[in-house]
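Undergrad: Sequence first, predicted model second:
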There are 2 protein chains.
Amino acid sequence: MNIGEAAARSGVSAKMIRHYEAVGLVAARRQPNGYRDYGPAEVAELRFIRHARDLAFPLEDIRRLLGLWRDKGRASAEVKRLALAHVQALEAKADALQRMAGSLRHLAEHCQGDARPECPILEQLEGTGR
Amino acid sequence: MNIGEAAARSGVSAKMIRHYEAVGLVAARRQPNGYRDYGPAEVAELRFIRHARDLAFPLEDIRRLLGLWRDKGRASAEVKRLALAHVQALEAKADALQRMAGSLRHLAEHCQGDARPECPILEQLEGTGR
DNA sequence: CCTTGACCTTCCAAGCATGGGAAGCCCCAT
DNA sequence: ATGGGGCTTCCCATGCTTGGAAGGTCAAGG
């Protein structure tokens, strides 16, 4: 099948399918006319990538996950290790964002938000301290 | 003062100071020899930018915040509006990350993580659903 | 047979914010 | 005058995705 149908079936845009091929994630055969040719196996791999991206795995992680997935004799310990490391990264990021949101929200609560210029938010940003 | 000292005093790298100038955030006078020349006002603006970046404000928001900060007759309502919108964006991102971490952690908990190949994580990524 | 439109190909670029590095100029102390 | 450190500009890379331009390919219909 052509790239368009593979995109529709996998939920990965044609643009990204070409990109994943360029970075060596999913190889595609070629039809005589030069068009990329996909079978069910490739579509499944693309879907796998999409699901991994939905969990915000970076492409390098996905490369390893794909390798493990293809390897029927893999050790699930390896997969779990990757996954838990990623969970930690996600939680660290989420915490950082949550902290920023919290302190900014706190500042905003003390801002009148009217026509006058006084504003603790700007004062905080201005401050020399950290 | 030269860019190096402005960097040290503001906590913004010289690299980024030049970038902020290139995108029109903070203009710098020039010394006769072509070096950028900074005074306390510019250093304060750079510090302002750094603090805003510490709260993950995008540069476009910072551009507006800087404008409001310079405008002594601003309405704090405008600042508050910007801040709260950003808080929402931060919390949305944090929630998304937290959700991903949660579901991935859940999957990992059901993975034996031993030498055998069975792995619910890979099975989930493989799945056609969602 | 020829046109049209939908599909495919490649390459280039932007976006976000930051950092790394090269080539060359400027200034000061030795 | 020589060396070193700071300054200048310019290009490149990161990570992921999307956009467009210019052109080739194919099927349907006049």
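TA: Sure thing, it's come through.
Undergrad: give the contact list for the residue nearest the centre of chain A.
TA: Centroid-nearest residue in chain A, with CA atoms, centre = their mean: residue A:56, separated by 3.0 Å. Taking CB atoms under 8 Å, 6 or more residues apart in numbering or on different chains, we find residue A:56 in contact with A:86, A:90, B:97, B:100. C-beta coordinates here come from the backbone N, C-alpha and C atoms, glycine included.
Undergrad: can you rerun that using 7 Å?
TA: Residues near residue A:56 by CB atoms under 7 Å, 6 or more residues apart in numbering or on different chains: A:90, B:100.
Undergrad: Next: residue A:66.
TA: Contacts for residue A:66 (CB under 7 Å, 6+ apart) come out as A:25, A:45, A:48.
Undergrad: And for residue A:9, the neighbour number?
TA: By other CB atoms under 10 Å in any protein chain shown, 17 other residues sit near residue A:9.
Undergrad: on contacts alone, who are the packing partners of the helix or strand hosting it?
TA: Residue A:9 is part of helix A:3-10 when elements are defined by DSSP states H and E. Applying 3 or more CB pairs under 7 Å, 6 or more residues apart in numbering or on different chains; DSSP states H and E, we find helix A:3-10 packed against helix A:14-22, helix A:40-54.
Undergrad: which other residues reach it?
TA: Contacting residues not belonging to helix A:3-10 are listed as A:13-14, A:17, A:36, A:38, A:42-43, A:46-47, A:50 [CB under 7 Å, 6+ apart].
Undergrad: how about the strand or helix carrying residue A:124, does it get close to chain B?
TA: Per DSSP H and E: residue A:124 is located in helix A:120-126. Yes - residues of helix A:120-126 contacting chain B under CB under 7 Å from any CB of the partner chain: A:121-122, A:125-126.
Undergrad: So residue A:25, which state does it fall into?
TA: coil (DSSP: H, G, I helix; E, B strand; the rest coil).
Undergrad: wait, doesn't it sit right on residue A:63?
TA: Yes - counting by CB atoms under 7 Å, residue A:63 is a contact partner of residue A:25 at 6.2 Å.
Undergrad: For the closest residue in space to residue A:18 that isn't next to it in sequence, give its distance to chain B.
TA: Using CB to CB, 6 or more residues apart in numbering or on different chains and skipping residues adjacent in sequence, the residue nearest residue A:18 is residue A:3, 7.3 Å away. Computed as CB to the nearest CB, to the nearest Å, the residue A:3 to chain B distance reads 19 Å.
Undergrad: Tell me the spacing between residue A:3 and residue A:10.
TA: 10 Å (CB to CB, to the nearest Å).
Undergrad: So between those two, which is more surrounded?
TA: Taking neighbours as other CB under 10 Å, residue A:3 and residue A:10 compare with residue A:10 leading, 22 against 19.
Undergrad: quick one on the thing from earlier: quick one: the helix holding residue A:9 near DNA strand D?
TA: No - Helix A:3-10 does not reach DNA strand D (CB under 7 Å from any atom of the strand); its nearest approach is 10.1 Å.
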